[in-house]
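Colleague: Give me coordinates for this.
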Amino acid sequence: MVNLFRRFIADTDRCTVCNAQPEDILHAVWGCEALENVWSQLSWARSSVAIPPGDFSNLFAHFLQDFLNAQDPNPISTQLPTSVQWRPPEPNQYKANFDGAVFQSTNSAALGVVIRDWQGAVIGALSVRIPLPQTVAEVEILACCKAVSFALELSLREVVFEGDVVGVINAIKSGTAEHFSFGHIIDDIYHSSSHLNRCDFCFVNCSCNKVADPLAKKAKEGNDFKVWLEDISTDLAPLVASDVA
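Modeller: Now for the predicted structure:
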């Protein structure tokens, strides 16, 4: 009614039901006294909005947050990490950083993994090219899966896996693989990581993942699969050194 009044189509902007307030969207779905009997049947609705919302988007935000909280009583944090530089793992543990790259020109993608010990020394690294998956998220999930299998091949038992796509890390940590189109890959990660004595999956800033990213992109140069053991590509050695400087 408010919009009709502003366009000179209606003679008044007042609600035709209660005739007490202007009839905007918020009033029509929430504020009108005629709706009190409707909303009072839903105790969660009134209790979730203790303070009258200022506009419709504010009301929607209240309900959306209430819905999300109801889905998971202990939601996974999506806050950005505070660290902006790679940190070594705890003594006698290892850290595997993974990343993916997409090459649209060749309809392919690539995975990069670097695993280092608690002193920052490279235990192993790899770069592999793969056919282009359907989504970018699937590229990152495959990179994580490759990182886990690589750690097992190196006979490591306590590993922290780090990636820079928060949605992928949250998907892995959610424990509900069936909710995702790439759930079968998450299941592979669960199965493989179960053979480790201890592992964790963490989201990090891109600056903490600056070795894995160029490793993935190296696959565009022609080698479909390249592995380094206790070493890394010469051009990436300065990046490794800067992480522990």
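Colleague: can you map out the helices along this protein?
Modeller: With helices called from DSSP state H, the chain shows them at 2-6, 25-26, 36-40, 43-48, 56-71, 136-153, 166-174, 183-193, 212-217, 237-243.
Colleague: hang on, isn't Leu236 packed against Val211?
Modeller: Yes: using Cβ atoms under 8 Å, Leu236 makes contact with Val211 at a distance of 6.1 Å. In short, each C-beta sits where N, CA and C put it, glycine included.
Colleague: These two - which one has more neighbours?
Modeller: Set Leu236 next to Val211 and count neighbours by other Cβ atoms under 10 Å: Val211 wins out with 24 against 21.
Colleague: ok, now how distant is Val211 from Asn107?
Modeller: 26 Å (Cβ to Cβ, to the nearest Å).
Colleague: What distance do you get for Leu196 to Val159?
Modeller: Between Leu196 and Val159 the computed distance is 6 Å (Cβ to Cβ).
Colleague: what is in contact with the two at once?
Modeller: 148, 151 (Cβ atoms under 8 Å, 6 or more residues apart in numbering).
Colleague: ok, those two, which is more surrounded?
Modeller: The neighbour count for Leu196 versus Val159, taken as other Cβ under 10 Å, is higher for Val159 (25 against 16).
Colleague: List the contacts of the more buried one.
Modeller: 93-96, 115, 148, 151, 196, 198-199.
Colleague: domains of this protein?
Modeller: Split into domains by automatic domain parsing, the chain comes to 2-71, 94-243.
Colleague: Redo these as JSON lines? Include mean pLDDT.
Modeller: Listed next are the domains of the chain as JSON lines, based on pLDDT from 0 to 100:
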{"stretch": "domain 2-71", "mean pLDDT": "57"}
{"stretch": "domain 94-243", "mean pLDDT": "92"}
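Colleague: out of the contacts of Val159, who has the most neighbours?
Modeller: Highest count within the contacts of Val159 by other Cβ under 10 Å belongs to Ala96, 28 neighbours.
Colleague: That one contacts Gly112, doesn't it?
Modeller: No: counting by Cβ under 8 Å, Ala96 does not reach Gly112; the two are 10.9 Å apart.
Colleague: which ones are touching the closest residue to Lys146 other than its chain neighbours?
Modeller: Of all residues not flanking Lys146 in the chain, Leu111 sits nearest, at 4.9 Å (Cβ to Cβ, 6 or more residues apart in numbering). Shown in contact with Leu111 (Cβ under 8 Å, 6+ apart): 98-100, 126-128, 130, 139, 142-143, 146, 216, 219.
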